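please work out how this folds:
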Amino acid sequence: MADTSVINRLVPDDELLSHAGNFARRVACGPTLAHAAHKALLHSWTLGGTPSADRDLFDLSVPLFATQDVRAGLESAAALRAGKPRPVLDFHGRWRPHRAACET
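Residues are numbered from 1 along each chain as shown. The predicted structure follows:
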């Protein structure tokens, strides 16, 4: 499954609970800004079709390019293109964190 990219990681049984807890904390902090923009774009498309999504695309996406997350993502993509290992990304931009502890 990992070789075909159906799953993106394997962990030993004795580390599963720790990894699952860390993942749950990240998810609880809210979606990334890019995910929120994607959802907003889909909502725009649902309400007004392609013309509406086209009208909103730049307003939703351009602000993302000022974030550290996009800079790291572009560096990661460049590494992949150069045949280097892709670094693990830690996204910082979150939409509506649910807990103050998430704002680190």
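
grab the nearest non-local neighbour of the most centrally placed residue in the chain.
By Cα atoms, centre = their mean, the mean C-alpha position of the chain lies nearest to residue 32, the distance being 4.8 Å. Closest residue to residue 32 apart from its sequence neighbours, by Cβ to Cβ, 6 or more residues apart in numbering: residue 91 at 4.7 Å. Where you see a C-beta, it was placed from the backbone N, CA and C, and this is true even at glycine.

what's the spacing between the one you found and residue 47?
Look at residue 91 and residue 47: by Cβ to Cβ, to the nearest Å, they are 28 Å apart.

looking at the two, which one has more neighbours?
Neighbour tally, residue 91 and residue 47, criterion other Cβ atoms under 10 Å: the higher count belongs to residue 91, 17 against 10.

gap between the more buried one and residue 83?
Plainly put, residue 91 is 24 Å away from residue 83 if you go by Cβ to Cβ.

ranges for the helices of the protein?
Applying DSSP state H to the chain gives helices spanning 16-28, 33-61, 68-81.

which residues touch residue 58?
Counting by Cβ atoms under 8 Å, 6 or more residues apart in numbering, residue 58 makes contact with nothing.

mind checking pLDDT for it?
Here, the pLDDT recorded for residue 58 equals 96.

what do you get for the one 10 residues further on?
Note for residue 68: predicted pLDDT of 89.
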